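Asker: sequence plus the predicted model coming up.
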Amino acid sequence: MRNFEKFLRSRFAAALIAVLVGFAISAIVLAAAGYNPIGSFGALFNGAFGKPKYIANVFIKATPILLTGVSVAFAFKTGLFNIGAEGQYILGSTLATIVGVKLALPMPLQVPLVLAAGILGGAALGAFVGWLKAKFGIHEVITSIMCNWISFYLCNFIVMSDAFHKPNSTSALQVNGSSYTMILGNWKKSEAGKEFLSNIHWLREILLKTDLNYGFIIAIVVAIAASLVLNRTKLGYELRAVGFNRDAARFSGISVERNIILSMLIAGGISGLAGALTITGISPHTITLLAAMESYGFNGMSVAFIAGCAPIGCIPSAILFSSLIYGGMSVQQVMGAPSDIISIMIGTIVFFTALPGVTGMIADAIAKKRKAKEALKEAVKEA
Amino acid sequence: MEASPEYAVQMHGILKTFGAFTALDHVDLDVKKQTVHAILGENGAGKTTLMNILYGLYQADEGDIFMGGEKVNITSPTDAIKHGIGMVHQHFMLVENFTVTENIILGDEVCGAAGVLDMGRARKEVMELVDEYGFDVDPDAKIEDITVGMQQRVEILKALYRGAEVLILDEPTAVLTPQEIDKLIEIMHDLIAKGKTIIIITHKLREIMQSADECSIIRRGVYMGTVNVKESNETELASKMVGRNVNLTVEKTPAHPGETVLSIRDLTVKDDRGIEQVRGLNLDIRAGEIVGIAGIDGNGQQELVDAITNIVKAESGSIKINGQEIVNTTPRTTFLNKIATIPSDRHRWGLVLPFAVSENSVLERHTEDTFGEGIKLDYNKMHDYTTKLIEEFDIRPSGCEDERMSGLSGGNQQKAIIARMVTSSPNLLIAFQPTRGLDVGAIEFVHKTLIAERDRGAAILLISFELDEVMDVSDTIAVIYHGQIAGTFAQGTVDENQLGLLMAGGEAK
Amino acid sequence: MFGNLILLIGITLMYSTPLVFGALGGVISERSGVTNIGIEGMMVIGAVAAATASYFTGNPWIGFLAAGVCGALVALLHAVASVSFAADQTISGVAINMLAPGLALFACRRFFDGAAMSPIAPKLPKILGESGLARTPFANLNVNVTTVIALLFTIIMWFVLYKTKWGLRVRAVGEHPAAADTLGIDVYKVRYICVLLSGMLAGFGGASMTIAIIAQFTQTAISGHGFIAMAAVIFGKWTPFGAYGACLLFGFTQALVIMLGGGDFVVPSQILSMLPYVMTIIVLILFVGRSVAPKADGVPYVKGSR
């Protein structure tokens, strides 16, 4: 019983319960709307893990939200709310496209440059928001949202501009081929590759039918690096001190303004990288005209919150959300239920992670009961 | 004791627990009608908790409350108000940007039809009360613009407006000058004459002797008995409160001051509202000397410390430490010039509560190579360093290096700050309200440390709103009023009445 | 020229209306001490509820009321989290902003055969009827009835906040909840009511977009309006009239976007579309330092702790 109490107080229990509640609420909504929840969840699971290529796609789709998740988590650990990951992602992908289209260097030069452009775009936007907060004290949430929309229209402007627009389409020009980061990208299309793969069905499916790329590996490295910076360096120490108690940090000689800007710069850079990796790793390898927000940044927030804003924790959490989002598309195909049920589920999950007290309260109630029981036992013994 | 009509309030067998902690262990309290009844106890003894139960802010786990011999059930402040109980909290419950009248009528408004406020009538009712009790309060003034003494009177008016017969005053003198304290005691006796009953919570013995008829003592949540104040004395009360004989005086040898360490000239500092709080202040402190600043909160103390520590920019003037100008540099420069500060609000300025004790112990020093080379921060080295501090300064619980700072008691948090500040062997140690909220044991420790630092040769700037503390610990006493030093005295050459007059802006006799 | 000026005023009033509702919601919630970042989400819910109810009942007024009710229901979530559970109000608001668009689209697809936008729904009337002033130069001043309702609500909120006992209590709870508590005012109740009202107003804001300005729900009907409204709250110093004025300014930039976009102006439409958002940031830079929030804004009240 005591172990159970301890478990209830853990971060993991809070996450688990939030996920369970998310499923439960979605089930209720589905049932109320006249769809079969069990069938829908079945379709969800099947859509995410039913075939090797589905699984590969889960990882591919996990890449951007893992990075935006780490971006949000990193900022949150330093006391900042990076709701602007969305805009940083968009700006990152836009700048990566611009550089990728204009430059045609050999791959070892081209890929780092394209990625650097994306990082730079996101970092600049993040730093701008951080500067507004540090210098003028404007809440980063409002300015971030404004920057999201500004990036949104900037992206559309680039797509439609004479220099980048691809005629008769809603996209910009594709980036140069040397910018691609697909795994075995050239080999799998060569004769030797095709022949080799024709014998191994699952591998052929993964490699040829998906955009399997190096992005996820890079994202994991970034998550680990973010964790190390936060927890094992002087910079991370200062960032966290500022996040927890700005006044005490300032009092002890740490520059609050510098650290706020730096934190948002790093967080923005990570989101910008997410955008750039989408351009280099996933077809159509360019930006397209946006009709609505793509939600990579917002999903990153879900990833971060459910992970308790621990960068490493974002890895499993990104895979979870990616499978929900990717598998969720089958819900509509198979059951006819709107795939937006996944947004409801994710929103619910985040909402319940905002109630950190819930599992703790259950633990308190159990502890109280146990104590009452023990007291009763002792009273009986004494009698 | 039986419930009886001659008692205004009786609380019997009150038990209150917070989780595993027993705040009140079957406490009794019997307050006779038309008396001033003091409740004495150390910080954290449970006095305020007991009164919060009487006022309905907390519910007791066990126990009964009687008023005039009748059992009453109080589960909310509304019930308490209905039963004629009023409470003046230590931290005033006043809305700062409301007027006096608005604060008084809040929750019991004077309204016309459909809940529309009738401010004219409200103002008249308040004026009638002000006149009846002879309080000097402007009903149209905003709270943020009136003095602390007046704010306290507004709090008392709030209770009287609701027809309070029993008034609870929680640490009412903590923020007042000696003259304002005299005025308050006068008001209290006047209220008694008008038929009211007063319960006063305090840990100050002298005021009990001056104002109270009876005194109940609580030690760590346990009721220690009630004494008739006239038949008792300060020493007896003190030992009952603490549970051992306490030495009420601070022991120290005469100071041997050396060279001037801190020299402040014509310093002017504005607060965040743009109002000048420090107005051309001059101050010198020599090595091996404790200079104590006496004054009422809000006379520029905060801004003075903020300017020396470079938390805010000064408008003009100079701050020199050993001849080095540091005005309008950075907090980092302050630290590098060997100035250490024990801040007044340790949770806000002194500690990062969610950080581990070891992480807190290297604030300011985390950049040194001792704690990891280059960008790396070496947690093992931090841990070992903290272990030394914990042993040297007796920070409890021992072995708390990796515990969160928020888990430590107030006294141990303060020790952690002092350990951090003292180990840097500062040339100037600023102690701003260093004993706020601490119990007697911890207060003794703080005072001893300040004197030991002085004897090591540091210059000490002690700023406190507790006049006793300034008078007991300082070698030189300076009074701050309206952002200027209004007078400087060697210890023992001035009494509290003279200081009190200066603190209130008068001339010393 | 004169015609253009009237048009500019008309469009300004039209586009400021949803913002005014949202901002009033922000004012009432923050005045009671609860930060409500979820205004955007509540507006989205109001938008879909209004269009749907108006479409099916044929009565836009029912749509308007439905928007208020649905907005308040979503706000109830925020109230439970931030008042009862003392949760992080920013996270709770953000969660609502994630939940709401999903819920709105889900409902939309459910009711309209999988479509991400509703059919054209009956609109609320204009103040002078459909053809009022039609043949005069003042035709564009025949604004939506919601514009008048928004102004009316602004006046009512000002009166309630500053002239009645309820207003006094709301302001006290937002400044110093413990003081209000010790005088027998139920802090939780006041905050619940204010957050629910805030959701209702935001819902009206959504409705004034989808059944007054345009006549259907679309995915982008509400795109950042809630956040611009929050900026208006700050700019307007947390007062109803201040917020109203700020919304007029933002409505004006929106009107500029439309007027300039329509003409043979050289600036591309995508760049013009950024104007309201850029304007918001500029306004915040200029005004945020001078505007003081209610003292207890965003701080959960836990009984017994001070």
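Answerer: Good, I have the coordinates. Residues are numbered from 1 along each chain as shown, chains lettered A, B, ... in the order given.

Asker: number of residues surrounding residue 37?
Answerer: If you meant another chain, say so; for now it's chain A. Each residue near A:Pro37 was counted by other C-beta atoms under 10 Å in any protein chain shown, and the total is 20. C-beta coordinates here come from the backbone N, C-alpha and C atoms, glycine included.

Asker: not what I meant, chain C
Answerer: Applying other C-beta under 10 Å, we find 27 other residues in the vicinity of C:Ile37.

Asker: same thing with B:Leu428?
Answerer: Once other C-beta under 10 Å is used to define contacts, B:Leu428 is seen to have 21 neighbours.

Asker: tell me who's in contact with it.
Answerer: B:261-262, B:285, B:321, B:338-340, B:458-461 (C-beta atoms under 8 Å, 6 or more residues apart in numbering or on different chains).

Asker: equivalent analysis for A:Pro106, please.
Answerer: Here A:Pro106 is in contact with A:Ser178 (C-beta under 8 Å, 6+ apart).

Asker: right, and A:Val334 touches A:Ala43 too?
Answerer: Yes: taking contact to mean C-beta atoms under 8 Å, the distance of 3.9 Å between A:Val334 and A:Ala43 places them in contact.

Asker: circling back to that earlier point, in CSV: the contacts of B:Leu428, plus distance to B:Gly372 and secondary structure.
Answerer: Listed next are these as CSV, based on distance: C-beta to C-beta, whole Å; DSSP: H, G, I helix; E, B strand; the rest coil:
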residue, distance to B:Gly372, secondary structure
B:Val261, 32, strand
B:Leu262, 33, strand
B:Ile285, 36, strand
B:Ile321, 29, strand
B:Lys338, 23, coil
B:Ile339, 25, strand
B:Ala340, 23, strand
B:Ala458, 29, coil
B:Ala459, 32, strand
B:Ile460, 33, strand
B:Leu461, 33, strand
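
Asker: which of the residues you listed are close to chain C?
Answerer: When C-beta under 8 Å from any C-beta of the partner chain is applied, no member of the contacts of B:Leu428 is adjacent to chain C.

Asker: re the thing from before, so A:Val334 and A:Ala43 - more neighbours on which side?
Answerer: The residue with more neighbours, out of A:Val334 and A:Ala43 and counting by other C-beta under 10 Å, is A:Ala43; that gives 22 against 15.

Asker: that's a strand at that one, yeah?
Answerer: No: note on A:Ala43: no strand contains this position according to DSSP: H, G, I helix; E, B strand; the rest coil, which reports helix.

Asker: which bits of the stretch 51-200 of chain B sit near chain C?
Answerer: For the stretch 51-200 of chain B, the residues found near chain C under the criterion C-beta under 8 Å from any C-beta are B:52, B:55, B:57-58, B:76-78, B:81, B:87, B:89, B:91, B:93-98, B:102-103, B:105-109, B:111, B:114-117, B:158.

Asker: swap in 7 Å and give it another go.
Answerer: Remark: the part of the stretch 51-200 of chain B in contact with chain C comprises B:57-58, B:76-78, B:81, B:87, B:89, B:91, B:93-95, B:97, B:102, B:106-107, B:109, B:111, B:115-117, using C-beta under 7 Å from any C-beta of the partner chain.

Asker: any idea where the helices of the stretch 201-350 of chain A begin and end?
Answerer: Counting by DSSP state H, counting those that start in this stretch, residue ranges of the helices within the stretch 201-350 of chain A are A:201-209, A:215-232, A:234-244, A:246-251, A:256-281, A:296-306, A:314-335, A:341-353.
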